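> Compute the structure for the input listed below.
(chains A and B)
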Number of protein chains: 2
Amino acid sequence: MLLAIDAGGTATRCAAITEDARCVGFARRGPANPISSGLPVAIASLAEAAAEALAQSHTPPQDVHSVTIALAGISPGAALDEGIEKALLSHGIRALVRFDSDAMAGFSAGTAAESGSVLISGTGAAAVRVQAGHAMATADGLGWLLGDVGSGFWIGQHVARAALSHLDGRGPETTLTELLLATMARSTSPDTATDPSRPPQIMRILTSTYAARPVELARLAPLAFDAASVGDAVAGAIIEDAADGLCATLRAVRGAMHDPVVATGGILAKQPMLRRAIEERLCAVGESVNLISVDDGLTGAAVLALRATGISVDHTVHSALGASIDEARRLATTN
Amino acid sequence: MLLAIDAGGTATRCAAITEDARCVGFARRGPANPISSGLPVAIASLAEAAAEALAQSHTPPQDVHSVTIALAGISPGAALDEGIEKALLSHGIRALVRFDSDAMAGFSAGTAAESGSVLISGTGAAAVRVQAGHAMATADGLGWLLGDVGSGFWIGQHVARAALSHLDGRGPETTLTELLLATMARSTSPDTATDPSRPPQIMRILTSTYAARPVELARLAPLAFDAASVGDAVAGAIIEDAADGLCATLRAVRGAMHDPVVATGGILAKQPMLRRAIEERLCAVGESVNLISVDDGLTGAAVLALRATGISVDHTVHSALGASIDEARRLATTN
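Here you go, the predicted structure:
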C-alpha cells in the first residue's frame, strides 16, 4: 500500500493506492502549506489525511510501504521531516516519507510522459521543464513581491490597483470598482482610517487590504474574469497581460514543441478564458500548444509514489489510476 | 520663537524661527516616522531636534510659542500627541504642538502661493491639490501594495523584477542584473536557499529580498537611473512608466494650469531625469508645467508655523526665509 498526498495552501488530499495502481481510499483535510499555515497545522493536516485514507482502505498501518507528499515551496526542512514522521507514527504508520514538488505532481497528474513542461497559476505562478522525471529548469515562482506574473495574487493586485485608480481619478472607469466594493462591504472594519481629501471608499479598501496578508489579494482574481466576461476593457487588459506573462514564463523553460504541457493551479484550472488566451498567443507565433488542464496534483502524487517504488506507469495505467482516484473523490463528496 | 520640524523616514530636521521669519537655529536628527521607526524612536528624534535647534538660538524654552511638525502618513494618534508633549516638556519646552502633512510642508517649501499642487515621489508617491492653504484632493499615496506608482519602491521593485526576468529567461537582457548582483554581493546571507533547477544568483536575490521589509526595495531605485543614463532600454522603460504614472497622479488633482506645481521626495528631488520626463509628457499634451523642485519640507514647515500664528508669508518673506534656513543648514553641515 502507498499513500500519496497533494498538500496545498487551501486543502490537502490523500489517496491510498495499491501496487496495481488502484485507489482504495481517499481523504480530504485543511491546508498543509508549512509556510502559510504554520508547521503544526501542516503536520496535523498531512497525518490526519493519511490516517483517514488508510482507514477507508481497510489496510493495517504496517502494510504502508511509503508516504509521498507533494508540497509547494522550495525544500522541506528537517523540522517538517521529523514532525511528519512522529505524527504518522502516532497513527501507527511507520513508513518511508518522500517529498516531491507540487510542480512535479501537477505535471504527472496530466500526463504519463516523463518529459515536458508544467505551467502553474494558483496563488503563485511558475513553469517547470521536466526531463526524464526530474525538474530541470524553473522560471518565475519568485513570490508575490518579485514575480508570480499572471498568478492569482498578481491578477488580484491588478484588480485592486485598477479600482483604486478609477476611484481617485488616475485611471479609466471600470466595473471592477463596483465588484471590489461589493466584496469589501461584506467585511468592513470599524477601524477604517479617514482622510478628508480622499473618497471614503478608498479608505475602506486601504484599511482592509493592509490589515490582511498581501497574498490574500489572490481572492480578488475571480473578479477580473467576471468583469472581462461582460466586456470590461480594464479587466480584459489585466487578463491579457497575465496571459502574456504566463506565455513568457512557459517559453523560458519549454523544451521540444511536441512534448506535453500541463496547466494547473487554482487559476489555470478554473479559468478556461486564461487557458485559451495562452493557447492563442503561442499559436500565433507558431509555438502551438494544447494545454492539458488538471485540477490538482493528487493523481500526480500517486504516479510519483508508484514510480518511486519501481512500478512503471504508462499511458494506460495513468488513465486507469486517474479514473479510480476521481471515482474515490466523487464517492467521498457524495457521502 | 517658533519651532518647525520636517519629520522624515530617514532624517528629522528642525528650524528655530523668529516671528520676523529668520532662522536662528537648526538641528538634524535620525528618522521620525512613527510607523517605520516606531513611536519611541520617532518621539526621541523629534524632541531632541527641537531642543537642539532651540539651544542654538540662545532662546529660553519658555519663549517657544508653538512646535509645528510636518509628518508623512494619515493622522497622528493620541499616543504621539501625548508622547511628544511629554518629551518636549522634559527639555523645558511647554508649547502648542501642531501637526501638518508632509505634502503641505513640501508644497509650502516650494512656493508662497496658497493654491497649487504638490507631486511627491520618495519611498512612496502621491499628488495633493492645495486650495487656500488646505489639502483638497489626494491621488495615489496608497502604499507599496496598492499604489505608489512611480515611487522609489515602485522603481526598485521593477528593477528587481527586470533583473530576475533576465536571469530566468523570461525577459530581455539588461545591465540592471549586473548592478543588482553587485549590490547583493555586499550583503550575501549565509542562509541562501538552494534549488538545483534555478541559477544560484536568483536564489541570492530571493533570499535577501524576502528577509527584508518590502519597502527596502526602494534602495534599488537609483540603479534604474544609473542604467538608463548609459542607454539601457529596460531601465529607460521603467523610468518612462514611472513618469507616465506620476503624470496621471498629478493630473488627477491638478487645478488651474497657471497654479504652481512643487515636486518633492527623495526620488523627484535627486533625479532630474524623472522631472524632465514628467515636464515633457505634460508639455506634449498642452498641460505645460514647470516643476518647482525642493529637497525637503523644512522651509514649508516654517511657513506653516508662521501662518498658523497669523503671520503672513508673501513671496519676499518666503525667499528670505528659505535663504536663511539654507544658510543655517550650511553652517550646521560645515561645523
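
> residues contacting the residue of the stretch 201-335 of chain A found nearest chain B?
Across the stretch 201-335 of chain A, the shortest distance to chain B (C-beta to the nearest C-beta) belongs to A:Ala252, at 3.7 Å. Where C-beta positions appear, they are placed from N, C-alpha and C, glycine not excepted. Each residue near A:Ala252 by C-beta atoms under 8 Å, 6 or more residues apart in numbering or on different chains is listed here: A:127, A:137, A:139-140, B:168-170.

> Now, of the residues you listed, which are buried?
A:127, A:137, A:139-140, B:168, B:170 (16 or more other C-beta atoms under 10 Å in any protein chain shown).

> and the closest residue to A:Thr59 other than its chain neighbours, how many neighbours does it have?
Distance criterion C-beta to C-beta, 6 or more residues apart in numbering or on different chains; nearest residue to A:Thr59, sequence neighbours excluded, is A:Met1 at 4.9 Å. By the measure other C-beta atoms under 10 Å in any protein chain shown, the count of residues near A:Met1 is 21.

> So for chain A, the centremost residue is which one?
Residue closest to the average C-alpha location in chain A (C-alpha atoms, centre = their mean): A:Gly265, at 3.3 Å.

> From A:Trp154, how far out is the residue nearest to that residue when sequence neighbours are not counted?
Residue nearest to A:Gly265 in three dimensions, not counting chain neighbours: A:Gly122, with 3.2 Å by C-beta to C-beta, 6+ apart. The spacing between A:Gly122 and A:Trp154, counted by C-beta to C-beta, to the nearest Å, is 11 Å.

> likewise A:Gly171?
Using C-beta to C-beta, A:Gly171 is found at 17 Å from A:Trp154.

> who's more crowded, those two?
Each of A:Gly171 and A:Trp154 has its neighbours counted (other C-beta under 10 Å); A:Trp154 has more, 26 against 19.

> At which residues are the strands of chain A located?
If DSSP state E is used as the criterion, the strands of chain A fall at A:2-7, A:12-17, A:23-29, A:66-71, A:96-101, A:116-121, A:125-131, A:134-140, A:261-264, A:292-293.

> name the helices or strands packed onto the second one?
In this structure, strand A:12-17 packs against strand A:2-7, strand A:23-29, helix A:39-56, helix A:298-308, helix A:315-334, with contacts taken as 3 or more C-beta pairs under 8 Å, 6 or more residues apart in numbering or on different chains; DSSP states H and E.

> Check the shortest one too.
Contacts of strand A:292-293 with other secondary structure elements, assessed using 3+ C-beta pairs under 8 Å, 6+ apart, are made with strand A:261-264.

> got the CA coordinates for the strand it packs on in PDB?
Provided in PDB are the C-alpha atoms of strand A:261-264 (Å, rounded to 0.1, in the frame of the first residue of the first chain):
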ATOM      1  CA  VAL A 261       2.400  20.900 -21.500                       C
ATOM      2  CA  VAL A 262       0.200  20.500 -18.300                       C
ATOM      3  CA  ALA A 263      -1.600  23.600 -16.900                       C
ATOM      4  CA  THR A 264      -2.500  23.500 -13.200                       C
END
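
> what does that strand contact?
The contact list for strand A:261-264 (C-beta under 8 Å, 6+ apart) reads A:106-107, A:109-111, A:116-122, A:250, A:254, A:269, A:275, A:278, A:289-297.

> picking that back up, so the residue nearest to the centre of chain A touches A:Val128, yeah?
No. Judged on C-beta atoms under 8 Å, A:Gly265 makes no contact with A:Val128 at a distance of 11.9 Å.

> Find residues that contact each of those two.
With contacts taken as C-beta under 8 Å, 6+ apart, A:Gly265 and A:Val128 have A:Ile120 as neighbours in common.
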